[in-house]
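Undergrad: sequence? don't have it. structure:
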């Protein structure tokens, strides 16, 4: 999980698999950590008989297991089930438990479509972009009764996820569909930038005409994209290359260092694409 978790109770011989994160947990402390840091990904499926039985069988907490099973049978709200679990562990502070349950309670008062969108947004914030794309597309293709504005915002965020993966054509199409639903200027502008970034000047020009974009806005977008290479990150990379050329005068050594940088980029991209 990236950091040490102090476990005071029994460690499971067989872990419990969490579908939402595609990971195993071996203790009640790990489960509490997961809930606190991924509360936006929780849904009613988390309140399962399998989880209750695992707590009793693998962690030896029969009383807690029986209590949670009773809550499942009563079909209580999710925040009550999670509250019982977190309080029984003691890993989180009372303030952290209170904040976690408050977030879950908010979800319980929103529509299923709104909850799904929030979960997808959190996946994107965590750079789990492929998972976010699947969530957004599932929400769009579902049978939920989604209003035009919310549907447009979902499509806009889908476009943002595509853009972060450099799929600019797909991003532009999503942004355009978003603009047709939410009529937000940010979606229109994002669409134009994505078409321009994709090098698709024919579709870019057609979109300018289709949505009657002013010449001034067209010029601003072109200048903004054309000047991306002048931003501080790009200049810092150019300076880094100059230092490499000075430090590694031999071509083979320079190429080796440059290949290392490219490999790091590949690893970062693969991380963004992970599911």
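TA: Done, it's in. Given the structure is predicted, the values throughout are model-derived calculations rather than measurements.

Undergrad: In the stretch 1-150 of the chain, where is pLDDT below threshold?
TA: The stretch 1-150 of the chain contains residues with pLDDT under 70 at 1-9, 21, 143-144.

Undergrad: what's the helix or strand for the residue most central in space within the chain?
TA: Centroid-nearest residue in the chain, with CA atoms, centre = their mean: residue 123, separated by 1.7 Å. Element membership of residue 123, judged by DSSP states H and E, is helix 112-125.

Undergrad: Counting by contacts, list what that helix packs against.
TA: helix 129-141, helix 148-164 (3 or more CB pairs under 8 Å, 6 or more residues apart in numbering; DSSP states H and E). Just so you know, the C-beta spots here come from the backbone N, C-alpha and C atoms, and that holds for glycine as well.

Undergrad: again, 10 Å this time
TA: Counting contacts by 3 or more CB pairs under 10 Å, 6 or more residues apart in numbering; DSSP states H and E, helix 112-125 packs against helix 94-108, helix 129-141, helix 148-164.

Undergrad: and residue 87, that one's in a helix?
TA: Yes. Looking at residue 87 with DSSP: H, G, I helix; E, B strand; the rest coil, it is inside a helix.

Undergrad: got a list of what it touches?
TA: Neighbouring residues of residue 87 by CB atoms under 10 Å, 6 or more residues apart in numbering: 32, 64, 94, 97, 101.

Undergrad: taking those as a set, which two sit the farthest apart in space?
TA: 64 and 94 (18.3 Å; CB to CB).

Undergrad: how about the strands in the chain?
TA: Using DSSP state E, the strands of the chain run over 16-18, 23-25.

Undergrad: Could you export these to a markdown table, including columns for mean neighbour count and distance to residue 139?
TA: Supplementary listing: the strands of the chain in a markdown table, determined by neighbours: other CB atoms under 10 Å; distance: least, CB to CB, whole Å:
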| stretch | mean neighbour count | distance to residue 139 |
| --- | --- | --- |
| strand 16-18 | 17 | 21 |
| strand 23-25 | 16 | 23 |
